[in-house]
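Undergrad: sequence first, then the predicted structure, then my questions.
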Amino acid sequence: MKTLYLDCGMGAAGDMLTAALIELLPDADRFVEKMNGLGIPGVQIEREKSVKCGITGTHISVKVNGVEECEGGHGHSHHHHSSMHEIEHIIMDLNLPAKVREDILAVYSLIAEAESHAHGVPVTDIHFHEVGTMDAIADVTAVCMLMNEIAPDEVIVSPVHVGSGTVKCAHGTLPVPAPATAFILKDVPIYGGSIKGELCTPTGAALLKHFATAFADMPVMKTKAIGYGMGKKDFDTANCVRAMLGESLGKTDIETRDKTDIMLELSCNVDDMTAEEIGFATEHLFEGGAREVYTIPIGMKKSRPGTLIRVICLEEDREKMLALLFKHTTTIGIREMVTKRYVLDRSLETINTPYGEVRRKVSSGYGVSRAKYEYDDLQRIAKGQDMSLDEVREYLRERD
């Protein structure tokens with residue numbers, strides 16, 4: 001599936017997200033022209049090359065009536081303060097696809113709710129100080145347009161670095177993350193650190209919250225394009241958002257292709273069970289849904305011979321397997337390891353023969369293909385026809 005991964009190890013601001021996503025496009029200049037042709041009152045955006053800590057990326061400068069916002073990328077500007085109603089009015093006047101317009105208004109309502117909560121005022125009375133300016137409207141509009149153009153199937157966002165210390169805003173000096181940002185990032189994995197300053201702005205937070213399908217570490221993916229969106233400020237760490245676009249093996253692919261499973265290995269050591277008791281426990285574990293149960297002879301304390309019992313099962317069968325192991329073995333402790341299993345595609349065929357039906361397992365994938373007859377069916381024919389197992393196999397091969 002088409003996956004967009006956003007690395008927010010230095011937080012996120014609207015202009016940084018815009019710049020990172022622009023770098024993923026085959027024709028960035030065309031997008032900048034399209035943005036400037038929208039007619040956001042007084043707004044012009046420019047794409048500039050920017051180097052931070054030796055990394056080359058893009059910085060987006062937003063000019064309102066020819067003046068650049070005072071501190072782009074982790075900073076705030078103080079132009080006109082707009083209300084939600086004014087912002088809706090501006091957005092409705094722009095020539096945008098309906099989906100993009102809905103996204104922009106959804107992002108703004110996240111910010112409005114957060115500002116309303118932080119300052120104890122109804123949403124209708126909220127005047128966006130940090131985010132109601134024309135440059136912020138440009139940032140939000142640009143990101144929503146870029147997301148519509150890139151059209152990823154999923155958007156995975158890293159845990160978000162929010163910075164530390166304090167930030168000056170229209171209301172005075174506030175702790176980082178600013179209350180509105182903290183409110184938007186509820187239920188999102190965030191962290192601070194030694195970097196003093198506001199790394200994630202309310203606009204950046206709202207855009208991430210709106211578009212993220214998950215906040216997690218980078219998935220296993222083949223990247224096709226990488227973008228670096230630079231902030232204005234300089235820190236010891238490269239001040240950028242990194243966007244990676246590529247193909248990942250999503251859950252749906254795994255389920256349909258049945259190539260990779262996440263399995264559990266449950267193990268315990270026993271030195272006081274008879275062979276019959278271990279056999280009895282093994283049968284119950286298989287009946288309970290274990291994919292594999294096997295034993296290994298081991299040496300235990302006081303030089304006693306013992307047995308390692310290992311069960312391989314699906315994650316959803318964990319509780320059932322633990323209960324069966326404790327019930328049917330003498331162990332008082334079970335170890336768990338999470339492991340990956342690579343499997344071939346499997347299917348079961350039935351072949352009609354003069355001696356009855358014979359089932360055959362066919363497996364393929366990873367450049368191999370193989371078939372195997374069910375032992376129970378081979379045994380039935382061998383006994384009934386007084387043949388060896390090899391003779392039955394040879395007979396079936398000749399019929400194919």
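TA: Noted; the coordinates are in hand.

Undergrad: list the contacts for residue 247?
TA: 1, 2, 3, 221, 222, 224 (Cβ atoms under 8 Å, 6 or more residues apart in numbering). (Each C-beta comes from the backbone N, C-alpha and C, glycine too.)

Undergrad: now rank the residues you listed by neighbours and give me the top one.
TA: residue 3 (24 neighbours; other Cβ atoms under 10 Å).

Undergrad: who's it bridged to?
TA: residue 154, residue 246 (DSSP bridges).

Undergrad: quick check: it touching residue 216?
TA: No - contact criterion Cβ atoms under 8 Å: residue 3 and residue 216 do not qualify, at 11.2 Å.

Undergrad: now list whatever residues contact both of the two.
TA: residue 156.

Undergrad: ok, which stretches of this structure are helices?
TA: 14-22, 28-36, 84-93, 98-119, 134-150, 179-184, 202-211, 251-257, 275-287, 318-328, 375-385, 389-399 (DSSP state H).

Undergrad: what's the shortest one in contact with?
TA: Right, helix 179-184. By Cβ under 8 Å, 6+ apart, the surrounding residues in contact with helix 179-184 are 110-111, 113-115, 117-119, 130, 162, 198, 200-202, 205-206, 209.

Undergrad: residue 353: which of the helices of the chain is closest?
TA: Of all these, it is helix 389-399 that lies closest to residue 353, at 6.7 Å by Cβ to Cβ.

Undergrad: hmm, back to that, please indicate which of the contacts of helix 179-184 are buried?
TA: 110-111, 113-115, 117-118, 130, 162, 198, 200-202, 205-206, 209 (16 or more other Cβ atoms under 10 Å).

Undergrad: before we move on, back to that, which among the contacts of residue 247 gets closest to residue 39?
TA: residue 2 (30.8 Å).

Undergrad: quick check: that closest one touching residue 155?
TA: No - judged on Cβ under 8 Å, residue 2 makes no contact with residue 155 at a distance of 10.0 Å.

Undergrad: which residues touch the nearest residue to residue 95 once chain neighbours are set aside?
TA: What sits nearest to residue 95 in space, not counting adjacent residues and going by Cβ to Cβ, 6 or more residues apart in numbering, is residue 38, at 6.6 Å. For residue 38, the contacting residues are 94, 95, 96, 141, by Cβ under 8 Å, 6+ apart.

Undergrad: of the residues you listed, select the buried ones using a PyMOL command.
TA: Buried members of the contacts of residue 38, identified by 16+ other Cβ under 10 Å, are gathered into one PyMOL selection as follows:
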select buried, resi 96+141
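
Undergrad: point to the residue nearest the middle of the protein.
TA: residue 156 (4.1 Å; Cα atoms, centre = their mean).

Undergrad: next one, pLDDT for it please.
TA: On pLDDT, residue 156 comes in at 95.

Undergrad: and what of the one 3 residues further on?
TA: Residue 159 is assigned 96 on the pLDDT scale.

Undergrad: is it in contact with residue 191, as I believe?
TA: Yes - with contacts counted by Cβ under 8 Å, residue 159 reaches residue 191, the gap being 6.0 Å.

Undergrad: which stretches of the stretch 151-300 of the chain form strands?
TA: Assigned by DSSP state E, counting those that start in this stretch, the strands in the stretch 151-300 of the chain fall at 154-157, 160-161, 163-164, 166-169, 172-175, 190-191, 197-198, 214-215, 221-230, 240-248, 260-270, 292-299.

Undergrad: in contact with residue 330, which residues?
TA: Residue 330 touches 270, 272, 273, counting by Cβ under 8 Å, 6+ apart.

Undergrad: can you get me a residue count around the first one?
TA: For residue 270, the number of neighbouring residues by other Cβ under 10 Å comes to 19.

Undergrad: residue ranges in the stretch 51-200 of the chain under the pLDDT threshold?
TA: The model of the stretch 51-200 of the chain has pLDDT under 70 over residues 69-82, 127-132, 170.

Undergrad: same thing but at 50, please
TA: Within the stretch 51-200 of the chain, the set of residues satisfying pLDDT under 50 comprises 71-79, 130-131.

Undergrad: swap in the stretch 251-400 of the chain?
TA: 251-258.

Undergrad: let's see 80
TA: Counting by pLDDT under 80, the stretch 251-400 of the chain shows low-confidence ranges at 251-261, 400.

Undergrad: which ones are touching the residue nearest to residue 87 when sequence neighbours are not counted?
TA: Distances taken as Cβ to Cβ, 6+ apart put residue 108 closest to residue 87, at 5.7 Å, once the chain neighbours are dropped. With contact set as Cβ under 8 Å, 6+ apart, residue 108 has these partners: 84, 87, 88, 131, 140, 206.

Undergrad: measure residue 291 to residue 343 for me?
TA: Residue 291 sits 10 Å away from residue 343, going by Cβ to Cβ, to the nearest Å.

Undergrad: brain fart, residue 378
TA: Relative to residue 343, and taking Cβ to Cβ, residue 378 is found at 24 Å.

Undergrad: do residue 309 as well
TA: On the measure of Cβ to Cβ, residue 309 and residue 343 end up 23 Å apart.

Undergrad: for stretch 159-178, the distance to its chain's centre please.
TA: Distance of stretch 159-178 from the chain centroid (Cα atoms, centre = their mean, to the nearest Å) equals 27 Å.

Undergrad: I meant stretch 104-118, not that one.
TA: Distance of stretch 104-118 from the chain centroid (Cα atoms, centre = their mean) equals 25 Å.

Undergrad: using PDB, write out every CA atom in it.
TA: Only the C-alpha atoms of stretch 104-118 are listed here, as PDB (Å, rounded to 0.1, in the frame of the first residue of the first chain):
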ATOM      1  CA  ILE A 104      -8.900  22.700   5.700                       C
ATOM      2  CA  LEU A 105     -12.000  23.400   7.700                       C
ATOM      3  CA  ALA A 106     -11.500  20.200   9.800                       C
ATOM      4  CA  VAL A 107      -8.000  21.200  10.600                       C
ATOM      5  CA  TYR A 108      -9.200  24.700  11.600                       C
ATOM      6  CA  SER A 109     -12.000  23.300  13.800                       C
ATOM      7  CA  LEU A 110      -9.300  21.200  15.700                       C
ATOM      8  CA  ILE A 111      -7.300  24.400  16.300                       C
ATOM      9  CA  ALA A 112     -10.500  26.300  17.300                       C
ATOM     10  CA  GLU A 113     -11.500  23.600  19.800                       C
ATOM     11  CA  ALA A 114      -8.000  23.600  21.300                       C
ATOM     12  CA  GLU A 115      -7.800  27.400  21.600                       C
ATOM     13  CA  SER A 116     -11.300  27.500  23.000                       C
ATOM     14  CA  HIS A 117     -10.400  24.900  25.600                       C
ATOM     15  CA  ALA A 118      -7.000  26.500  26.500                       C
END
